[in-house]
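> What follows is a predicted structure for the sequence shown.
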Amino acid sequence: MMTSTTNKMTNYRWVICAMLFIATMVNYMDRQVLSLTWKDFIAPDFHWNDNDYGNITSIFSLFYAVISLFAGKFIDWMGTKKGYIWAIVIWSIAACLHAACGWVTMQCVGIGSSEELRAVEAGTKLALTISTISVWLFLACRIILATGEAGNFPAAIKVTAEFFPKKDRAYATSIFNAGASVGALAAPLTIPILANATSWEMSFVIIGAIGFIWAGAWLFMYSAPSHSPYVNKAELAYIESDKNEGETQSAEKQETKEIKFSILDCFKYRQTWAFIVGKLMTDGVWWFFLFWAPAYFSELGYSTKTTMGQMLIFCLYLIVTVLSIYGGYLPKLFVEKMGMNPYAGRMRAMLIFAFLPIFAMFAQPLAGISPWWPCVIIGLAGAGHQAWSANLYSTIGDMFPKSAIATITGIGTMFGGLCSFAINKGSGMLFTYAEEQGEAFSFMSQFVYDADSQQYVIEACTGKPAGYLIVFCYCAVAYLIGWFIMKTLVPKYKPITN
């Protein structure tokens with residue numbers, strides 16, 4: 001009996017997965033503070049419009065993209081333990097620095113309080129000066145935030161490849177990736193309340209400080225599986241079961257020799273370009289939902305200061321969280337029950353998930369009936385993205401040796417950030433232009449309640465709602481287009497061995 005107990009497999013890999021989940025949750029909460037406070041708390045102080053906010057989010061995305069190219073290589077060089085600590089400490093410092101933007105702006109323009117900032121007449125030279133200075137200050141903070149946050153996913157994907165065999169990686173990735181959804185879920189229930197109870201500045205400081213606690217825990221909890229005192233021989237054998245099951249002699253040789261890739265070397269492979277396409281086509285969709293959903297519901301009349309506005313955002317991400325966790329389990333089912341190789345199972349699952357965002361094109365047309373329609377629809381689209389993303393990340397581990405995983409992740413994340421830059425910058429410009437044009441700007445149609453007939457009628461979608469509808473239509477088709485290009489580039493499982 002004692003021998004049986006001693007030989008029982010430990011499950012420390014799931015403790016590490018939980019740490020990745022928390023880090024990803026903190027990552028997205030730090031990112032969400034601005035999107036949940038800018039429209040109703042920050043914009044009145046600094047006289048921002050949609051274009052100002054679009055500039056801030058797009059520049060963040062651009063720097064996130066550029067830094068991601070090198071963040072993966074940095075993680076591969078530094079190692080997951082030290083690299084992850086550097087990343088989260090940098091982005092936590094940046095998150096806290098946002099709180100100083102208001103004070104610095106007031107010092108620059110000679111105004112003593114936020115009440116005086118709000119009292120400045122809109123459209124005046126002073127209002128423009130306040131807006132310009134504050135935007136630049138927030139941009140500086142977002143650039144530092146991007147520098148740290150760019151390291152999260154390369155480090156997390158590398159840790160997943162270290163602690164899980166291939167058949168479990170998509171499921172483990174879907175669990176830690178759900179931290180993004182849970183972070184977005186917790187954000188509307190905490191950040192507006194913090195901002196109301198204290199100030200928008202304190203919401204940045206309190207949420208940003210959580211990252212320092214995580215870094216301290218990671219310092220003591222993480223070691224490579226072969227050196228971890230919490231991983232016994234049985235669990236280590238399971239983690240390394242890909243080798244033990246003898247995938248191929250060349251694959252074993254690949255792992256033991258730790259093939260090294262420069263960043264330029266990675267671009268020689270179709271597998272890299274398949275991952276790039278998957279990120280380029282779809283990452284901007286998720287970031288659009290993340291950055292603009294609170295403002296969208298505020299436009300519908302439900303600001304983040306109201307209970308209804310907070311519940312809409314909460315329910316949206318509740319749908320994303322619950323459904324997306326099963327996204328990593330589906331390919332595991334294909335592999336174990338249908339005998340498919342991991343890549344084939346993942347691609348089939350991704351095709352299924354690519355159909356969920358199609359509903360996004362109905363979000364704006366049905367918003368006139370009830371705000372719960374876009375809430376549910378965007379939630380389904382977001383769940384599709386998160387499930388897609390978990391499997392997309394896992395294709396790297398299918399194709400590349402562990403020594404290159406963080407580098408490939410960083411390259412793909414860079415292109416995903418470029419997509420986000422384009423969508424956020426374009427959205428800010430589009431929404432400002434559409435609002436200025438009013439009924440002269442139209443696109444397709446939507447349901448509107450007619451008070452005379454007391455029923456819903458179909459009318460042209462005009463103004464800013466038409467702008468949202470245009471972006472939603474792109475979100476709807478991006479995944480299917482991305483999947484077909486990926487499948488064309490890498491039609492079958494083909495790992496890199498040299």
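Sure thing, it's come through. Residues are numbered from 1 along each chain as shown.
> So which residues of the protein form strands?
Using DSSP state E, the strands of the chain run over 442-450, 455-462.
> and the longest one, how far from the chain's centre?
It refers to strand 442-450. 31 Å (Cα atoms, centre = their mean, to the nearest Å).
> I'd like to know which elements that strand is packed against.
The elements that strand 442-450 packs onto, with contact taken as 3 or more Cβ pairs under 8 Å, 6 or more residues apart in numbering; DSSP states H and E, are helix 363-367, strand 455-462, helix 463-489. Glycine gets a C-beta too; all of them are placed from N, C-alpha and C.
> Next, the buried residues of that strand.
Ser442, Phe443, Ser445, Gln446, Phe447, Val448 (16 or more other Cβ atoms under 10 Å).
> Among those, which one sits closest to Asn51?
Of all those, Phe443 has the smallest distance to Asn51: 19.1 Å, by Cβ to Cβ.
> between the buried residues of strand 442-450, which is nearest Ile369?
Nearest member of those to Ile369, counting by Cβ to Cβ, is Phe447, at 5.2 Å.
> The longest helix along the chain vs helix 463-489, what angle?
When the chain is parsed with DSSP state H, its longest helix is helix 402-437. For helix 402-437 against helix 463-489, the angle by axes from the mean of the first three to the mean of the last three Cα atoms, to 10 degrees is 150 degrees.
> For helix 402-437, buried residues please.
If you call a residue buried by 16+ other Cβ under 10 Å, then helix 402-437 has these buried ones: 402-421, 423-432, 434-435.
> Include pLDDT and distance to Ser324 when you put the buried residues of strand 442-450 into CSV, please.
Shown next, in CSV, are the buried residues of strand 442-450 (pLDDT from 0 to 100; distance: Cβ to Cβ, whole Å):
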residue, pLDDT, distance to Ser324
Ser442, 92, 34
Phe443, 93, 30
Ser445, 90, 31
Gln446, 90, 28
Phe447, 87, 29
Val448, 86, 33
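> okay if I get those residues as CSV plus distance to Ala150?
Output for those, formatted as CSV (distance: Cβ to Cβ, whole Å):
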residue, distance to Ala150
Ser442, 39
Phe443, 34
Ser445, 41
Gln446, 38
Phe447, 41
Val448, 43
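> got the angle between the longest helix of the chain and strand 455-462?
100 degrees.
> Now do helix 402-437 against strand 442-450: the angle between them, please.
Between helix 402-437 and strand 442-450, the angle comes out at 70 degrees (the same axes, to 10 degrees).
> Which strands or helices does helix 402-437 pack on?
helix 50-78, helix 152-163, helix 263-266, helix 270-299, helix 372-399, helix 463-489.
> Tell me which of the ones you listed is the most buried.
helix 152-163 (a mean of 27; mean count of other Cβ atoms under 10 Å).
> what residues are up against the residue nearest to Val104 when sequence neighbours are not counted?
Nearest residue to Val104, sequence neighbours excluded (Cβ to Cβ, 6 or more residues apart in numbering): Leu137, at 5.7 Å. Leu137 makes contact with Ala100, Cys101, Val104, Thr105 under the criterion Cβ atoms under 8 Å, 6 or more residues apart in numbering.
> roughly how far apart are the residue nearest to the second one when sequence neighbours are not counted and His98?
This means Cys101. In space, and not counting its chain neighbours, Cys101 is closest to Leu137: 4.2 Å by Cβ to Cβ, 6+ apart. Counting by Cβ to Cβ, to the nearest Å, the gap from Leu137 to His98 is 9 Å.
> Identify the residues contacting Ser223.
Going by Cβ under 8 Å, 6+ apart, Ser223 touches Lys81, Pro229.
> Tell me the spacing between it and Glu240.
The value you get for Ser223 to Glu240, if Cβ to Cβ is used, is 15 Å.
> quick revisit: got the strands of the chain as a markdown table, with distance to Thr282 columns?
Output for the strands of the chain, formatted as a markdown table (distance: least, Cβ to Cβ, whole Å):
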| stretch | distance to Thr282 |
| --- | --- |
| strand 442-450 | 22 |
| strand 455-462 | 25 |
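> looking at those, which is closest to Lys81?
strand 442-450 (50.0 Å).
> Just confirm Pro357 contacts Ala387, I think it does.
No - Pro357 is beyond contact range of Ala387, at 10.6 Å (criterion: Cβ atoms under 8 Å).
> Can you list the low-confidence ranges for the stretch 201-350 of the chain?
Counting by pLDDT under 70, the stretch 201-350 of the chain contains low-confidence residues at 243-260, 327-328.
> show me where it has helices.
233-239, 241-244, 249-257, 263-266, 270-299, 307-325, 329-338, 342-354 (DSSP state H, counting those that start in this stretch).
> ok, back up a step: closest one to Ala127 among the strands of the chain?
Short answer: strand 455-462, nearest of the strands of the chain by Cβ to Cβ, at 27.9 Å.
> how about that closest one: buried residues?
For strand 455-462, by 16+ other Cβ under 10 Å, it's Cys461, Thr462.
> Make a markdown table out of the helices of the stretch 201-350 of the chain and add distance to Ser370.
Converted to a markdown table, these look like this (distance: least, Cβ to Cβ, whole Å):
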| stretch | distance to Ser370 |
| --- | --- |
| helix 233-239 | 48 |
| helix 241-244 | 49 |
| helix 249-257 | 53 |
| helix 263-266 | 47 |
| helix 270-299 | 12 |
| helix 307-325 | 10 |
| helix 329-338 | 31 |
| helix 342-354 | 26 |
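> and Asp168, which of those is closest to it?
Closest to Asp168 of those is helix 329-338 (Cβ to Cβ; 7.0 Å).
> For that closest one, which residues meet the burial criterion?
Those would be Tyr329, Leu330, Pro331, Lys332, Phe334, Val335, for helix 329-338 by 16+ other Cβ under 10 Å.
> Likewise for stretch 96-105?
So for stretch 96-105, counting by 16+ other Cβ under 10 Å, buried means Cys96, Leu97, His98, Ala99, Cys101, Gly102, Thr105.
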